[in-house]
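Chemist: return atomic coordinates for the entry below.
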Amino acid sequence: MFRWIRKKIKLFYSRIKPEKQKIRKEKILEMYKTVEIPETIPKDIGSREYKIFKKEERISRISKTLYENLCNLSERIIKVKPDKATEKKILKAIRVTHLNITPTGVASLAILSCLFICVLTIIAILSNIFFGIGISLGYGLIILLLSVFLAYYLYVYPMHLEKIFLTRSGSEIVMLILYMVIYMRNNPNLEGAIYFASRNLTGPLAYDMRKIIWDVEVGKYKTVDEALIDYTTIWSEDKYFIESIQLLRSSLQQSEQRRLTMLDEAIETSLRGTQEKAKHYSQELKMPILLIHALGILLPVMGLVMFPIIGIFLNVSSEILFIGYDIILPLVILFFIRDTLERRPATFSQVSVSEHPDMPPKNRFFLKTKIGVYSVPVWPAALVVALPVVLFGAYSYITAIEENLLHSIIITVGITIAFILYYFLSSFQRVKVREETRKTENEFTEALFQLGNQVSSGVPIEVGIERSTKAIGELSIKKFFLIILRNMERLGMTFSQAIFDRDYGAILFYPSKLIKSVMRTVVDSTKKGVQIAAMTMLNISKYLRDIHASQEQIHDMLDEVLSSLRFQAFLLTPLISGIIVTMATIIIRIMNRLGTAVSSMRTAYAVPFLPWGQIGVTPGEFQLVVSIYFIQSSILVAMFINGIENGEDDIGKNSLTVSILSIGFIIYVVSLLASLAIFGPLTALPGL
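Modeler: Reported below is the predicted structural model:
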């Protein structure tokens, strides 16, 4: 057959005259003369996906932080290679945090920074000794000691960043499993489940899921299953997460009923692991809280009460007091707080409000006027209000003839107002948006359950929505379903259009990622039948209820250990700080009077061995040091409480700081003035 076809083709071409073949060839050549053939091949040839990949590859190689720039610069100056054990830890941290550095750069930065600070400090000390310009030996030794701690911190910073990254990512583990289970109930496809989760997560875990999909697309892994197995090696210490992922993977090879059962087990395993880790963490918090209490309350009280007496014999200046209590001590407390929070297990992620239209940008707030709405930066607004108070207090403090205690309190008022306004303006609109979104999502769980019940009876989806709105009652989420019903009845939209239409969709009025992702799944399930849609809604509402119940149990466990910290932050620290200032003021007054008397005795009776003179700290300086420490400790304790309760949550931290600073500062000023009014007149008694 094929031989016969070849013969026919040869016969056809043989009948064409050579002249015609020549004319045809010339026409073809003439046609191609108009086509411009480039001399060189362009460099940007490639598909759209390849161009996106090259762009992300180029962006990923750019150093995004100061630490990365310093590491890369230090590696070019001097190459210091860490030991093999530390190098493995740094490599693992780099892989987790996506830092654009090498272990050699990390070690080089640590050594180079320590050497640089030490050389400059030694030069400054020698300059002070020979030329009288520089720093004293005591300050130099303090700087040298701090340089060693700085070098160590830079050396272990990648591991520190790894813990923070895993904590932030781990807080989304439950939601990751939830989104994957929601998708896989109707579509048993692992790749689709990961893609669905990456679209609805907002934190670092969303980037990791997108990277898994991309690595499969570019051929780094053959299958999504292989990429997911490799990714779980990062979470080798979280056995519950690995077990949940294994259940999801294994469910694809089971029968339909067994598959659904294993999906439910994946959610239960993730929740059980979260509760167990939180329980162990709450039991381990007793010692860190006791340590924070000792460093933040007992040690400062003992030191500050004894300081006026010690200052007489050692002639300690206010600068030493400031360095010790307002620099070194807060850094030590911050180190212990950070170390404790880094051991915090991953629990639950915060409500995502990134898509809410009323959410202001970071470090800004919306100012509504008659002309329009303006985005105002926070710090300038806080300084405009607080700076005049600080300047007035500083002027009166400098020009004060007598004791400058009350004038220093004015400076403290201005500084505190600045911090309160900063944290308040940074959080008040965000807190309002998040609380509204959290309330809506909690109500959505009940509304989804009611809708699933109505649809399970076999009625159409619009009839089920109408009946469920009556069963919901007066919940605010009722408006969401009424908008869907209105769009379907009056505008003739489908169920999907009524929710996700760009102009009239109900989701525009409820910008919650959780609600959007769940309703997207519900819409997809309606394409497979009303009964499947009903089962999907009932199962999702069950999952959301279990997650909410687990959250409440964890909060109850952590509240038991946080009560002492709240008592310390709101009452104990400000109360003791105010009383300490009064006690120190009285002791300073008495010691200064005794010093004057002793000096006159030494002059009159020639007693040179009495080491008595004026104390190097005034009551105003002492009050400034204590008040600054009070502000620092309030911020640190607020960070500690919020970190234990909510993890990495700037909105909650700022809101809690406002409460602690506002209430604590009032208690501090009242306790200071009240105790000074009671015990201050004692220094005016004869003989004192």
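
Chemist: mind listing what's buried along stretch 222-233?
Modeler: 224, 227-228, 231-232 (16 or more other C-beta atoms under 10 Å). Every C-beta, even on glycine, is put in place using the N, C-alpha and C of the backbone.

Chemist: now swap in stretch 656-665 and tell me
Modeler: By neighbour count with 16+ other C-beta under 10 Å, stretch 656-665 contains the buried residues 656-662, 664-665.

Chemist: could I get those as TSV with secondary structure, distance to Ser468 and pLDDT?
Modeler: Rendered in TSV, the data for the buried residues of stretch 656-665 read as follows (DSSP: H, G, I helix; E, B strand; the rest coil; distance: C-beta to C-beta, whole Å; pLDDT from 0 to 100):
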residue	secondary structure	distance to Ser468	pLDDT
Leu656	helix	38	90
Thr657	helix	42	92
Val658	helix	40	93
Ser659	helix	39	92
Ile660	helix	43	93
Leu661	helix	45	93
Ser662	helix	43	93
Gly664	helix	47	92
Phe665	helix	50	93
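
Chemist: mean pLDDT per helix and strand in the chain: which one sits at the bottom?
Modeler: The weakest-scoring helix or strand in the chain, judged by mean pLDDT, DSSP states H and E, is helix 48-60 (a mean of 46).

Chemist: which SSE is immediately downstream of it?
Modeler: helix 66-77 (DSSP states H and E).

Chemist: so what secondary structure elements neighbour the next helix-or-strand element following that following helix?
Modeler: Where DSSP H and E defines the elements, the next helix or strand beyond helix 66-77 is helix 84-97. Here helix 84-97 is seen to pack against helix 103-131, helix 137-170 when contacts are counted using 3 or more C-beta pairs under 8 Å, 6 or more residues apart in numbering; DSSP states H and E.

Chemist: which of those helices sits closest to Ile212?
Modeler: When these are compared by C-beta to C-beta, helix 137-170 sits nearest Ile212, at 13.1 Å.

Chemist: picking that back up, output the buried residues of stretch 656-665 as JSON lines; include the columns distance to His555.
Modeler: Shown next, in JSON lines, are the buried residues of stretch 656-665 (distance: C-beta to C-beta, whole Å):
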{"residue": "Leu656", "distance to His555": "14"}
{"residue": "Thr657", "distance to His555": "20"}
{"residue": "Val658", "distance to His555": "21"}
{"residue": "Ser659", "distance to His555": "17"}
{"residue": "Ile660", "distance to His555": "19"}
{"residue": "Leu661", "distance to His555": "23"}
{"residue": "Ser662", "distance to His555": "24"}
{"residue": "Gly664", "distance to His555": "23"}
{"residue": "Phe665", "distance to His555": "28"}
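
Chemist: Ile580: which of these is nearest?
Modeler: Gly664 (14.2 Å).

Chemist: now do the contacts for the closest one.
Modeler: Neighbouring residues of Gly664 by C-beta atoms under 8 Å, 6 or more residues apart in numbering: 569-571, 573-574, 630, 634.

Chemist: in stretch 98-110, what counts as buried?
Modeler: Going by neighbour count (16+ other C-beta under 10 Å), the buried part of stretch 98-110 is 99-110.

Chemist: and those residues as JSON lines, adding distance to Ile484?
Modeler: JSON lines is the format used below for the buried residues of stretch 98-110 (distance: C-beta to C-beta, whole Å):
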{"residue": "Leu99", "distance to Ile484": "45"}
{"residue": "Asn100", "distance to Ile484": "46"}
{"residue": "Ile101", "distance to Ile484": "50"}
{"residue": "Thr102", "distance to Ile484": "54"}
{"residue": "Pro103", "distance to Ile484": "55"}
{"residue": "Thr104", "distance to Ile484": "58"}
{"residue": "Gly105", "distance to Ile484": "55"}
{"residue": "Val106", "distance to Ile484": "54"}
{"residue": "Ala107", "distance to Ile484": "59"}
{"residue": "Ser108", "distance to Ile484": "60"}
{"residue": "Leu109", "distance to Ile484": "56"}
{"residue": "Ala110", "distance to Ile484": "58"}
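
Chemist: looking at those residues, which two lie furthest apart in space?
Modeler: Spatial extent of these (C-beta to C-beta) is set by the pair Asn100 and Ala110 at 17.7 Å.

Chemist: return the distance of Pro82 relative to Tyr155.
Modeler: Pro82 sits at a distance of 8 Å from Tyr155 (criterion: C-beta to C-beta, to the nearest Å).

Chemist: actually Arg434, not the one I typed
Modeler: Distance from Arg434 to Tyr155, by C-beta to C-beta: 37 Å.

Chemist: who's in contact with stretch 419-437?
Modeler: The contact list for stretch 419-437 (C-beta under 8 Å, 6+ apart) reads 350-353, 356, 358-360, 363, 365-366, 378-379, 381-382, 385-386, 511-512, 631, 635, 650-651, 654-655, 657-658, 661-662, 665.

Chemist: any residues in contact with both of Pro82 and Tyr155?
Modeler: Between them, Pro82 and Tyr155 have 106-107 as joint contacts when contacts are counted by C-beta under 8 Å, 6+ apart.
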